[in-house]
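**Q** With the sequence up front, the predicted model follows.
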There are 2 protein chains.
Amino acid sequence: MYHSDNLDKLVESLARFPGIGKKTAQRLAWHLLGQDKSFAFELSETIKTTVEAFKPCSLCLMIAESDPCPICSSIERNRDLLCIVEHSADIQIIENMNEYHGLYFVLGHLLSPIDGFGPNEINSESLKARISELKPQEIILALKPSSEGEATIHFIWEILRDSGIRITRLSTGLPFGGDLEYSSSNTLRSAWTRRFSV
Amino acid sequence: MYHSDNLDKLVESLARFPGIGKKTAQRLAWHLLGQDKSFAFELSETIKTTVEAFKPCSLCLMIAESDPCPICSSIERNRDLLCIVEHSADIQIIENMNEYHGLYFVLGHLLSPIDGFGPNEINSESLKARISELKPQEIILALKPSSEGEATIHFIWEILRDSGIRITRLSTGLPFGGDLEYSSSNTLRSAWTRRFSV
């Protein structure tokens, strides 16, 4: 039976992506081997260069090429609005909507104590410090409508309930359990427009 | 709006994989950026190392780490049997079945003149030379049952019809239009066992 340690390692690496199973990883690996080698070398180099260039912004924790990130350091953003997201990737989706011009904060994870993600794991101290510093008028919780999302929304609401800050969440027009990054721009826009106070 | 040339380039590179659309590529890119960086660096290095290590075998044209490849140079393989496949990846699928112990030949593409893949593009001269050298008793055409597959089977049959070599093809138990590499081992085993003369 044909066997290659190098190929196995490549397949295993590719299968570590979320949503990529072993069969898909094998197909991707053979595609890399079977194509013009320049594609594979370029991809290898692009991954290295890009990952080296990105690190978390010290203000909003978004992964970006500069610190502070282009959004935190922009003078054109509305500093009275703070949008809280789970992942840096969610920021790109919201920016693509072209509707929001405030600041962001990245939790990195939703609250899920059973999986080991408590208040310390979702950057809640950094969030509190950032809110104290910015004193925004409104905080928009752009979190996924799932049990972890609801728990996180409740947790943040508890922290801020007496602060006088308006706390809103996206309309639950989003399908329950769906990842923010998979929603269409139209769905997200409708949920954004219909956001309501917690 | 947030924009990064580096990130765009990474997304574009990832979207060049077959079956990976722009949204999936964006998700993979953010996963690379958001994870422990060691994953991304390891993937980058593994792609480079693996692709550097592989090149086509001069006998069967399979992409492998040695030339001749481990299969062509093995003394344990049955040299009376030659299996013709479209891609190198198909060989791994057939090997995983653990049923066939002959040699292989990789066409690289199916015959599809309308897309610019004529006899020269499917390595037919190398195939003829390899067949003259090996003089196999049976040639198994393990090609996908599609119009291109049928055209290729017919083309090879025309070349070999007077050679006295038994020419077989996989049972069309495989779903029409399906890629060989997506079939389950059981489906492939059944098609293999029921292969019939062209």
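**A** Here it is on my side, so go on.
**Q** How many residues are close by residue A:11?
**A** For residue A:11, the neighbour count with other C-beta atoms under 10 Å in any protein chain shown is 23. Placement of C-beta: from N, CA and C, glycine included.
**Q** check contacts around residue A:6.
**A** B:46, B:49, B:50, B:53, B:54, B:65 (C-beta atoms under 8 Å, 6 or more residues apart in numbering or on different chains).
**Q** What subset of these is buried?
**A** Neighbour counting over the contacts of residue A:6 (16 or more other C-beta atoms under 10 Å in any protein chain shown) leaves B:46, B:50, B:53, B:54, B:65 as the buried ones.
**Q** so who does the fourth one touch?
**A** Each residue near residue B:54 by C-beta under 8 Å, 6+ apart is listed here: A:6, A:7, A:33, B:63, B:64, B:65.
**Q** need the contact list for the one residue sitting closest to the centre of chain A.
**A** Closest to where the C-alpha atoms of chain A average out (C-alpha atoms, centre = their mean) is residue A:87, at 1.4 Å. By C-beta under 8 Å, 6+ apart, the residues touching residue A:87 are A:106, A:108, A:181, B:30, B:34.
**Q** what do you get if the cut-off is 10 Å, keeping everything else the same?
**A** A:62-63, A:93, A:106-110, A:144, A:179-181, B:27, B:30-31, B:33-34 (C-beta atoms under 10 Å, 6 or more residues apart in numbering or on different chains).
**Q** What count of nearby residues applies to residue A:58?
**A** The number of residues packed near residue A:58 is 11, by other C-beta under 10 Å.
**Q** Ignore what I typed, I meant residue A:81.
**A** 19.
**Q** what comes up buried for the biggest helix by length in chain A?
**A** Using DSSP state H, we find that the single longest helix of chain A is helix A:37-53. Going by neighbour count (16+ other C-beta under 10 Å), the buried part of helix A:37-53 is A:39, A:40, A:42, A:43, A:44, A:46, A:47, A:48, A:50, A:51, A:53.
**Q** That one vs helix B:37-53, what angle?
**A** 160 degrees (axes from the mean of the first three to the mean of the last three C-alpha atoms, to 10 degrees).
**Q** Give me the helices and strands touching the next helix or strand after helix A:37-53, please.
**A** Per DSSP states H and E, helix A:37-53 leads on to strand A:55-56 as the next helix or strand towards the C-terminus. Strand A:55-56 sits against strand A:63-64, helix B:22-34, with contacts defined as 3 or more C-beta pairs under 10 Å, 6 or more residues apart in numbering or on different chains; DSSP states H and E.
**Q** For residue A:13, find the nearest of these.
**A** The closest of these to residue A:13 is helix B:22-34. By C-beta to C-beta, the value is 11.0 Å.
**Q** Only the buried residues of that closest one, if you could.
**A** Buried residues in helix B:22-34 (16+ other C-beta under 10 Å): B:24, B:25, B:26, B:27, B:28, B:29, B:30, B:31, B:32, B:33, B:34.
**Q** Would you convert these into TSV that also reports distance to residue B:76?
**A** Below are those laid out as TSV (distance: C-beta to C-beta, whole Å):
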residue	distance to residue B:76
B:24	41
B:25	42
B:26	47
B:27	44
B:28	40
B:29	44
B:30	47
B:31	42
B:32	41
B:33	47
B:34	47
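**Q** nearest to chain A, of those?
**A** The closest of those to chain A turns out to be residue B:30 (C-beta to the nearest C-beta; 3.6 Å).
**Q** what's near enough to touch that closest one?
**A** A:54, A:63, A:87-93, A:181, B:7, B:10-11.
**Q** Keep only those of those residues that are in strands.
**A** residue A:63 (DSSP state E).
**Q** Counting neighbours, which of the contacts of residue B:30 comes out on top?
**A** residue B:10 (27 neighbours).
**Q** how far away is that one from residue A:145?
**A** Remark: distance between residue B:10 and residue A:145 (C-beta to C-beta, to the nearest Å) = 29 Å.
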